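Asker: Let me see the structure of the following:
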Amino acid sequence: MVEPKINRPESLFEGFAYLVHDPKTRERQSEQTQAEEQDITDRLIRMAEFMVARTSPDNPTVLEEVDWYYREARRYGIADAATFISLGEMYVDDPHFNALYERVAEGLAAYQRDAMAAYARARLS
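Answerer: Prediction:
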């Protein structure tokens, strides 16, 4: 079995420019937005490091990292276990989100999904 390689992209969100209505808006992003995107990129890389180290998705250290994702999801009204699990499944099923995760490391979308489900079982049920 070949170990997944962790990529460390500089502009992970470049592929998500389709979400912006004005194509030039991407070029004029605020420093805050760029810092938030870098934070998310760093978090995805940490999750990839857990995955490559074969850390179980229900490991307490992984669950602590997933806690940030849950707190962010709550800002958008996602508070219950079932919805949080569905969000994790979307990362695998939606081609845009899947590509984002897989750009960091092959298998990361599924690992993230599994870690989010473990979090929901451990802390939201």
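
Asker: Neighbours of residue 79, how many?
Answerer: Residues near residue 79, counting by other CB atoms under 10 Å, number 11. In short, each C-beta sits where N, CA and C put it, glycine included.

Asker: So what does it have for phi and psi?
Answerer: With angles defined as degrees, to the nearest 10, residue 79 sits at phi -120, psi -20.

Asker: Now do it against residue 87, distance only.
Answerer: 11 Å (CB to CB, to the nearest Å).

Asker: Can you check which residues contact both of the two?
Answerer: By CB atoms under 8 Å, 6 or more residues apart in numbering, residue 79 and residue 87 have these common neighbours: residue 73.

Asker: Lowest mean pLDDT among the helices and strands, pick that one out for the protein.
Answerer: Every helix and strand of the chain was ranked by mean pLDDT, DSSP states H and E. The lowest is helix 31-52, at a mean of 87.

Asker: Would you state the helices of the protein in chain order?
Answerer: Applying DSSP state H to the chain gives helices spanning 31-52, 60-74, 81-93, 95-104, 108-119.

Asker: other SSEs contacting the shortest one?
Answerer: Contact analysis of helix 95-104 by 3 or more CB pairs under 8 Å, 6 or more residues apart in numbering; DSSP states H and E lists helix 31-52, helix 81-93, helix 108-119 as its packing neighbours.
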